[in-house]
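Enquirer: Generate coordinates for the sequence data below:
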Amino acid sequence: MTTWNIILLGSIAVLALKAVGWLVPPKALDHPVVARTSDLLTAALLAALICVQTFGAGQSLHLDARLPAVAIAAGLYALRVPFIVVVPAAAVVAALIRLLT
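Expert: Here you go, the predicted model:
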């Protein structure tokens, strides 16, 4: 199977999953437990993606300049600093650490 076949099959699977989502009745999504679970699941999946991309290297844990950069970004977000300041600040921290090591 070629890469393009895999991409096409994945695209069809995602489209089918999206179509199935449209078939769910709105009344089912209005239930408080379902609404709360979907909100929490979205945040948990985003946090897991951030952790995997920050600390993962293949099948192992890899700690490098990304860890302090994410810590700085989280601290700045806790202080409610605008996004346009947080991203360059984290990039500068990561660049300085990589320069010094």
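Enquirer: right, and Leu76 touches Ile84 too?
Expert: No - contact criterion CB atoms under 8 Å: Leu76 and Ile84 do not qualify, at 11.1 Å. Placement of C-beta: from N, CA and C, glycine included.
Enquirer: Could you check which of the two has the larger neighbour count?
Expert: Leu76 (17 against 7; other CB atoms under 10 Å).
Enquirer: Mind telling me what element the more buried one is part of?
Expert: helix 66-78 (DSSP states H and E).
Enquirer: All the strands of this structure, in order from the start?
Expert: Counting by DSSP state E, the chain has strands at residues 56-57, 60-61.
Enquirer: same for the longest helix out of those in the chain, what does it pack against?
Expert: Longest helix in the chain by number of residues (criterion: DSSP state H): helix 32-55. In terms of contacts (3 or more CB pairs under 8 Å, 6 or more residues apart in numbering; DSSP states H and E), helix 32-55 is packed against helix 26-29, helix 66-78.
Enquirer: Give me the contacts around it.
Expert: With CB atoms under 8 Å, 6 or more residues apart in numbering as the test, helix 32-55 has contacts from Ala28, Leu29, Leu61, His62, Leu63, Arg66, Leu67, Val70.
Enquirer: nearest to Trp4, of the residues you listed?
Expert: His62 (31.0 Å; CB to CB).
Enquirer: burial count for that closest one?
Expert: Number of residues near His62 (other CB under 10 Å) recorded here: 11.
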